[in-house]
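J.: After the sequence you'll find the predicted model.
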Amino acid sequence: MKLSPQEKAEHRAAFRQMTPAKKLDHIITYYKIPIFLILCGLFVLGEVSYRQLTKREPLLYGAYMNVTVGEELDQALTDGFVSYAGEDPKKSQVEVYRELYLSADPDTQNHQYAYASRMKLLATIQAQEIDLALMNQEAYDLLSGEGYLAPLPDILEGELAARLEPLLTENTVILEDNSIELALNEADAYEAVTEQSLNALRVNELPLFQNAGFTGPVYLGVIGNSPRLPQVFQYMNYLLSA
């Protein structure tokens, strides 16, 4: 119901005569919904502003696949590189997908975990949000076989290529196979056309990794569709110097 100008004036006069406690009670009683909505809006605005002010932009995206990386090494592989690159750690980061598990034949207990990890990997590759993979032998064999890793001699140049040459590792890439036909019982035996590719670095031989507690070889590969190759090369220089 719309009030007349006289009624509005009377209400204002009555409000001015109230004690502070009654004024507060009056405001809460009649304006609690608008006040609630305003407070919610201010909270959301503050949250968004805080996230924008504290958000760190990724210099690189990486993944730990079938390897457990301790806190000290993880710090060196992430914040250590940010400092090496001369960036502000409060504004930049190496974003890492940790604890991914890949297996060609996971047991019943790990099957769901392996499936979720593979879906995560495929999604990040498609979105071009993964540049480097730190892997054990099993994960390396799978990524190499499926053609996800870049042939390093094709992308490395100059002094960096010469320094990394002793660490280059060769693995099999499957160009085509009859796995679908075999799964459909349309073939009697598995057949594949393959080639060998130098597509990873055996990084556990570097000083940074030697005291990390790895019991087997650890490899670093570059995802083939990475759009951040300059940063990848800078990262490799960092690993050589760390």
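T.: Received the coordinates, thanks.

J.: By mean pLDDT, which helix or strand of this structure comes out lowest?
T.: Taking mean pLDDT, DSSP states H and E as the measure, helix 20-54 is the helix or strand of the chain with the lowest mean score, a mean of 58.

J.: Past it, which element shows up next along the chain?
T.: Of the helices and strands lying after helix 20-54 in sequence (DSSP states H and E), the nearest is strand 57-65.

J.: Now that following strand: buried residues?
T.: In terms of neighbour count (16 or more other Cβ atoms under 10 Å), strand 57-65 has its buried residues at 59-65. Heads up, the C-betas are built off the backbone N, CA and C, glycines and all.

J.: what does stretch 168-183 give?
T.: For stretch 168-183, a neighbour-count test (16+ other Cβ under 10 Å) marks 168-169, 171, 173, 178 as buried.

J.: Likewise for stretch 154-168?
T.: Residues of stretch 154-168 classed as buried: 156, 164, 167-168 (neighbour count, 16+ other Cβ under 10 Å).

J.: Okay, and which of these map to strands?
T.: L168 (DSSP state E).

J.: dump the residue contacts of D88.
T.: By Cβ atoms under 8 Å, 6 or more residues apart in numbering, the contact set of D88 is V82.

J.: same thing with Y190?
T.: Counting by Cβ under 8 Å, 6+ apart, Y190 touches 177-179, 182.

J.: Quick check: end-to-end length of stretch 218-235?
T.: 16 Å (Cα to Cα, to the nearest Å).

J.: what helix or strand is V96 on?
T.: strand 92-100.

J.: Ok, K90 next?
T.: Using DSSP H and E, K90 falls within no helix or strand.

J.: My guess is it contacts D79. True?
T.: No. Using Cβ atoms under 8 Å, K90 and D79 do not qualify as a contacting pair, with a distance of 10.6 Å.

J.: Looking at the two, which is more packed in?
T.: Regarding K90 and D79, a neighbour count based on other Cβ atoms under 10 Å identifies D79 as having more, with 14 against 10.

J.: all strands for the chain, in order.
T.: Counting by DSSP E, residue ranges of the strands within the chain are 57-65, 92-100, 132-135, 168-177, 192-202, 219-222.

J.: would you turn the ones you listed into CSV with distance to Y84 and mean pLDDT?
T.: CSV is the format used below for the strands of the chain (distance: least, Cβ to Cβ, whole Å; pLDDT from 0 to 100):
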stretch, distance to Y84, mean pLDDT
strand 57-65, 10, 95
strand 92-100, 11, 93
strand 132-135, 15, 97
strand 168-177, 23, 92
strand 192-202, 17, 93
strand 219-222, 16, 97
